[in-house]
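Participant: The following block contains a protein sequence and its predicted model.
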Amino acid sequence: MMQNPQRLDRTDIAILHQMQQNARVTHAELARTVHLSTTPCFNRVKRIENLGIIRQQVTLLNPEVLGLRLNVFINVSLKQQDERTIQEFEAAIADRPEVMECYLMTGDADYLLRVVVPDTPALERFILGHLSRISAIASIRSSFALKQVRYKTALPLPQHGLTLPDLDAAPTEWL
């Protein structure tokens, strides 16, 4: 038996938009902004949370004020692209605090890392003291960001609503 797909209407989208802009918004402020009373707004937020749309709420810090002035993109190529090598690399960088993002890529490099450090000596310590010691790595190429032109955390949301995909029906692995 097929379930009806979950749908987010304009009000749900407005709630999500407001929450992406300010995770500290109170239910009363949120309700006022999206033109609902508090209880229906609270119920919508709970429904959205139960759908798994909200992964977590965080506080974004200013890296410059904290002395983290270098934003570096590092391309990593592995010696092999087998499951063991991939797992070894991913485990080796999983808990590194300076690695802000890590993506398995297509193209020339196997991984793209975004690393934030205070200065070039800290980057050198990270590359020489950690990355270069990972036996799975064949090559490392770094690029410094000269200026951050745009940075955002809010996802683009459709203004008029959205039907959510049925993730349970999606294949989890290729046959």
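Facilitator: Looks like it came in fine. Residues are numbered from 1 along each chain as shown.

Participant: tell me which element N71 falls in.
Facilitator: Using DSSP states H and E, N71 falls within strand 70-78.

Participant: Pull up the pairing partners for that strand, direction included.
Facilitator: Strands adjacent to strand 70-78 in the sheet, as given by DSSP bridges, are strand 111-117 (antiparallel), strand 137-144 (antiparallel).

Participant: Break down the chain into its helices, ranges please.
Facilitator: For the chain, applying DSSP state H gives helices covering 10-21, 27-33, 38-50, 83-93, 120-129.

Participant: partners of the spatially most central residue of the chain in the sheet?
Facilitator: Nearest residue to the geometric centre of the chain (C-alpha atoms, centre = their mean): E101, 7.3 Å. Counting by DSSP bridges, E101 is bridged to R114.

Participant: Look up how far V115 lies from it.
Facilitator: Distance, E101 to V115, by C-beta to C-beta, to the nearest Å: 9 Å. (Glycine included, C-beta is placed from N, CA and C.)

Participant: Same check on R150?
Facilitator: Distance from R150 to V115, counting by C-beta to C-beta: 19 Å.

Participant: the more surrounded of these two?
Facilitator: V115 (24 against 4; other C-beta atoms under 10 Å).

Participant: what about D82, neighbour count?
Facilitator: D82 is flanked by 11 other residues according to other C-beta under 10 Å.

Participant: and D12, how many neighbours does it have?
Facilitator: Neighbours of D12 under the rule other C-beta under 10 Å: 21.

Participant: re earlier: find residues that contact each of E101 and V115.
Facilitator: Common contacts of E101 and V115 (C-beta atoms under 8 Å, 6 or more residues apart in numbering): none found.

Participant: for the helices of the chain, which one sits closest to S135?
Facilitator: Closest approach to S135 among the helices of the chain is made by helix 83-93 (7.3 Å; C-beta to C-beta).

Participant: Output the closest one as CSV - backbone C-alpha positions only.
Facilitator: The C-alpha coordinates for helix 83-93 follow below in CSV (Å, rounded to 0.1, in the frame of the first residue of the first chain):
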residue,chain,number,x,y,z
GLU,A,83,36.5,0.3,-0.2
ARG,A,84,39.4,-0.3,2.3
THR,A,85,41.4,2.7,1.1
ILE,A,86,38.4,5.0,1.1
GLN,A,87,37.4,3.9,4.7
GLU,A,88,41.0,4.3,5.8
PHE,A,89,41.2,7.9,4.5
GLU,A,90,37.7,8.9,5.8
ALA,A,91,38.5,7.5,9.3
ALA,A,92,41.8,9.3,9.4
ILE,A,93,40.2,12.7,8.8
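
Participant: Good, we can wrap up now.
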